[in-house]
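J.: Fold the following for me, if possible:
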Amino acid sequence: MENSSEVVSFVLAAYGNVGEFKYMYFVIILFWYLSICVANTVLILVIRVDRRLHEPMYLLLCNLCVNEINVSTSLYPLLLSQMFSDSHEVTLPWCFIQMSCLYTSGSVEGCSLAAMAYDRYISISHPLRYNVIMNTERVFFMILFVWIYSFLSVILSFSFIFSLEFCGSIIENVYCNHRLIIRLSCLVSVHSFLSDIFFLIVSIFIPFTLISVSYVKILAVCRKTSTENKQKAVTTCAPQIVSVSNLFVGSVFQSIDSSVIVARVHVRIILSTYLFICQPMLTPFLYGFNLPKIRQSCKKLLFKKKQ
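T.: Got it, this is the predicted structure:
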């Protein structure tokens, strides 16, 4: 066992020896990362340029796209750099920064989807008062609250990790996972368990509860409306339901990955990175191809005829 004073960096052992495949992995990861950035940036620009999209629903979607770029940037540059590393070492400060960014982005994802679900509930349940209730000031306040709430929840949950002494340095993953880091500490206290529970409640349970409440109320309203209104509700809510479902599946995979110590390395990599791989790419294409106004705006900007 290593002495705590000697641990100044962690080794991301899940990379293993990529050998001659490192160039292929590098190209695949780089292509995926650039695709995520381009797809989300295009959607942000479309919403920014087209004034018809300056509505609460699309402003919240724009915030979600910003978060997808943020979470991808927190992960993929490290993956790319590690492809050509022989030691796969990450310094403690950098590891803590990555962990904070990843989990803050995860919390922002859930809270943003909760805000979007509430927006759809107001739109369907109170259409005549929608513009009054979801005014621009309230939307920007919701976005600001989502980021502050997520940042504070992560800091309050994991700040104790910064002061831990470590008797191990091997992380069986491709990024800095907080549960795996805690297992390397010389003394694991009840505080670590309570902080994990606190994070699960404030960053996962509460957003999913708010989302569920919003959609239960939407279903209750749809039962009393016409078939045409029901179809319109399904069209606008379907992308969010898919996003929420994928986020829930990814969260479950994260829990399984961190809880099952005996999981094989390749299984751990798939489970732990599923959410970071799929969700950032799912968001722009899911909303871009399913929302009529987004499609029309994209066609107008990309295939604009010369005057």
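
J.: What's the per-residue pLDDT of residue 82 here?
T.: Note on residue 82: pLDDT of 86.

J.: OK, contacts around it?
T.: Contacts of residue 82 were listed using CB atoms under 8 Å, 6 or more residues apart in numbering, and they are 12, 15, 88, 174. Yep, even glycine has a C-beta here, placed from its N, CA and C like the rest.

J.: Mind checking which of the residues you listed land in strands?
T.: Within these, membership in strands is found for residue 12, as judged by DSSP state E.

J.: With respect to pLDDT, which of the contacts of residue 82 ranks lowest?
T.: Taking the contacts of residue 82 together, the minimum pLDDT is found at residue 15 (76).

J.: Just give the closest residue to that residue, not the sequence neighbours.
T.: Leaving out its chain neighbours, the residue that sits closest to residue 15 by CB to CB, 6 or more residues apart in numbering is residue 88, at 4.9 Å.

J.: mind showing which ranges of this protein have poor pLDDT?
T.: Residue ranges of the chain with pLDDT under 70: 1-6, 16-19, 188-191, 257-266, 289-290, 302-307.

J.: tell me which residues in stretch 46-55 are buried?
T.: Within stretch 46-55, the residues scored as buried using 16 or more other CB atoms under 10 Å are 46-47, 50, 53, 55.

J.: For the residues you listed, work out which two are farthest apart.
T.: Within the buried residues of stretch 46-55, 46 and 55 form the most distant pair, 13.1 Å apart (CB to CB).

J.: can you count the residues close to residue 37?
T.: A total of 16 residues lie near residue 37 under the criterion other CB atoms under 10 Å.

J.: Now it: closest residue in space, sequence neighbours ignored.
T.: Spatial nearest neighbour of residue 37, excluding adjacent residues (CB to CB, 6+ apart): residue 69 at 5.7 Å.

J.: tell me which residues in stretch 21-38 are buried?
T.: Neighbour counts using 16+ other CB under 10 Å place 26, 29, 32-33, 36-37 of stretch 21-38 among the buried residues.

J.: same deal with stretch 86-95?
T.: By 16+ other CB under 10 Å, the buried positions in stretch 86-95 come out as 88, 90, 92, 95.

J.: Filter these down to the ones in helices?
T.: Among the buried residues of stretch 86-95, the members found in helices (DSSP state H) are 92, 95.
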